[in-house]
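In: Sequence unavailable; structure follows:
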């Protein structure tokens, strides 16, 4: 009986420690994304870059996603599945917003500032690589953390796209690389949203 009690207590303590560890990481990546949203979105407006503003919007979306993850962290599987579903909806909304921004960029036809795109795209990439490294060890623990890792991985892909767009804008003196990367980012968002929603839906029903 005593051995069973100690074993049960050890398991519970391990679970609580893991949640506390998750919470510290989520708070840290939330702060990183919130700061980077302000910096990158401001740079995107000044540069006139659809890709940079899309990437910054993703930072804002991730800050919201991490806040939702923190809320669901110590709750039931139903709450975690619901949080993952909400994140999928947020990602979907961002994808639609990026697509609208791209249409507006096509109408203006003005090339963005390649220099600002390179500087802030590189800064955002460094920030997101840190976030991805922090989240990697939690990605298989539950659907909530898995969807959070998915968001961070998308960020790294988007940052690379911004840097590619910046190089091509500088080389070609054309807005089209920025527009093309914006379209690709919108497609990545939509694909990721469908994946997160598809993973969360059966768990939400089961819970």
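Out: Okay, I see it. As the structure is a prediction and not an experimental result, all values here were calculated from the model.
In: List the contacts of the nearest residue to residue 170 once chain neighbours are set aside.
Out: Ranked by Cβ to Cβ, 6 or more residues apart in numbering and with sequence neighbours excluded, the top spatial neighbour of residue 170 is residue 114, at 3.6 Å. C-beta: built from backbone N, CA, C; applies to glycine. Neighbour list for residue 114: 166-167, 169-170 [criterion: Cβ atoms under 8 Å, 6 or more residues apart in numbering].
In: Scan these and report the most crowded one.
Out: By neighbour count, taken as other Cβ atoms under 10 Å, the most surrounded of these turns out to be residue 166 (28 neighbours).
In: residue ranges with poor pLDDT in this structure?
Out: Scanning the chain with the threshold set as pLDDT under 70 gives 1-19, 69, 72-77, 139-148, 151, 207.
In: Break down it into its helices, ranges please.
Out: When assigned using DSSP state H, the helices of the chain occupy the ranges 2-47, 50-72, 77-108, 114-135, 143-172, 176-206.
In: tell me the most buried of the ones you listed?
Out: Between the helices of the chain, helix 50-72 has the highest mean count of neighbours, a mean of 25, where neighbours are mean count of other Cβ atoms under 10 Å.
In: Show me how far that one is from its chain's centre.
Out: If you compare the mean C-alpha spot of helix 50-72 with that of the full chain, they lie 5 Å apart, counting by Cα atoms, centre = their mean, to the nearest Å.
In: Which other helices and strands does that helix contact?
Out: Helices and strands in packing contact with helix 50-72 are listed as helix 2-47, helix 77-108, helix 114-135, helix 143-172, helix 176-206; criterion 3 or more Cβ pairs under 8 Å, 6 or more residues apart in numbering; DSSP states H and E.
In: That helix to helix 77-108, inter-axis angle?
Out: Interaxial angle of helix 50-72 relative to helix 77-108 (axes from the mean of the first three to the mean of the last three Cα atoms, to 10 degrees): 170 degrees.
In: relative to helix 176-206, how tilted is helix 50-72?
Out: With the same axes, to 10 degrees as the basis, helix 50-72 and helix 176-206 are set at 20 degrees to each other.
In: returning to what we had before: could you dump the helices and strands packed on helix 50-72 to a markdown table with distance to residue 53?
Out: What follows is those, written out as a markdown table (distance: least, Cβ to Cβ, whole Å):
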| stretch | distance to residue 53 |
| --- | --- |
| helix 2-47 | 4 |
| helix 77-108 | 6 |
| helix 114-135 | 10 |
| helix 143-172 | 10 |
| helix 176-206 | 9 |
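In: Out of those, which is closest to residue 67?
Out: Each of the helices and strands packed on helix 50-72 has some distance to residue 67 by Cβ to Cβ; the shortest is helix 2-47, at 6.2 Å.
In: how long is stretch 62-82 end to end?
Out: Using Cα to Cα, to the nearest Å, one end of stretch 62-82 lies 16 Å from the other.
In: Contact partners for residue 176?
Out: Residues in contact with residue 176 (Cβ under 8 Å, 6+ apart): none are found.
In: mind checking how far it is from residue 182?
Out: Remark: distance between residue 176 and residue 182 (Cβ to Cβ, to the nearest Å) = 10 Å.
In: Next: residue 203.
Out: Going from residue 203 to residue 182 by Cβ to Cβ gives 32 Å.
In: Repeat that for residue 65.
Out: Residue 65 is 21 Å from residue 182, where distance means Cβ to Cβ.
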